[in-house]
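Enquirer: Just need the structure, nothing else, for what follows:
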Amino acid sequence: MDSDKKTGSDFPKAHKIAKRTEILRIQQGGKKIYTPNLLLIYSLNRNTPTRLAITISKKVDKRAVKRNLFKRRVREIFRQYHKFLRSGFDIVVIARKDSAELPYSDLKKDLLWGWKKAELLDSSYLQENKQE
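Expert: Just a heads-up that it's a prediction; the model follows:
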């Protein structure tokens with residue numbers, strides 16, 4: 001069945017942080033950036049690609065549908081902007097109160113602002129987007 005094949009818009013395993021121990025290591029030793037709706041924690045990794053983990057607790061939203069939508073949106077933004085992120089970092093995105101209700105555009109602004117503040121975006125992104 002050809003309709004079941006991925007079109008290249010997937011989220012490869014090399015870009016995921018799956019183990020809880022790795023997430024805890026980043027949370028304990030990483031640098032934190034607070035945005036109005038998110039907490040971004042990042043640290044250097046030993047691997048070359050930049051990797052992502054997303055956490056959203058039931059305290060943020062009890063509905064699994066909303067939590068999953070939030071995670072899908074963050075993964076999609078990461079996928080779109082991965083080419084602009086400096087390699088060699090692990091990033092943990094933690095949802096804060098009411099972030100599950102954020103529109104996609106606001107979530108994208110928060111993530112990009114946080115990545116820019118953490119200096120995770122490389123110069124090619126900054127040259128393409130001179131606006132402040």
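Enquirer: only C-alpha atoms for contact and neighbour calcs from this point on.
Expert: Fine.
Enquirer: For Ala18, what are phi and psi?
Expert: Here is the backbone geometry of Ala18 (degrees, to the nearest 10): phi -100, psi -30.
Enquirer: contacting residues around the spatially closest residue to it that is not a sequence neighbour?
Expert: Among residues not flanking Ala18 along the chain, Ala53 sits closest, at 7.1 Å (C-alpha to C-alpha, 6 or more residues apart in numbering). For Ala53, the contacting residues are Lys16, Ile17, Ala18, Ile23, Asp90, Ile91, Val92, Val93, by C-alpha atoms under 8 Å, 6 or more residues apart in numbering.
Enquirer: Looking at these, which are in strands?
Expert: Residues of the contacts of Ala53 located in strands (DSSP state E): Asp90, Ile91, Val92, Val93.
Enquirer: Give me the distance between the first one and Lys31.
Expert: Which is Asp90. 11 Å (C-alpha to C-alpha, to the nearest Å).
Enquirer: Return every residue with contacts to both of the two.
Expert: With C-alpha under 8 Å, 6+ apart, Asp90 and Lys31 have common neighbours Tyr42, Ser43.
Enquirer: Distance from the chain centre to stretch 52-69, please.
Expert: Chain-centre distance of stretch 52-69: 13 Å, with C-alpha atoms, centre = their mean, to the nearest Å.
Enquirer: on that earlier part again, where does the residue nearest to Ala18 fall, phi/psi-wise?
Expert: phi -130, psi 140.
Enquirer: what about Arg63, neighbour count?
Expert: A total of 11 residues lie near Arg63 under the criterion other C-alpha atoms under 10 Å.
Enquirer: Please apply the same query to the one 10 residues further on.
Expert: Arg73 is flanked by 17 other residues according to other C-alpha under 10 Å.
Enquirer: What separation is there between the residue lying closest to it once chain neighbours are set aside and Ala64?
Expert: Residue nearest to Arg73 in three dimensions, not counting chain neighbours: Tyr104, with 6.9 Å by C-alpha to C-alpha, 6+ apart. Per C-alpha to C-alpha, Tyr104 is found 18 Å from Ala64.
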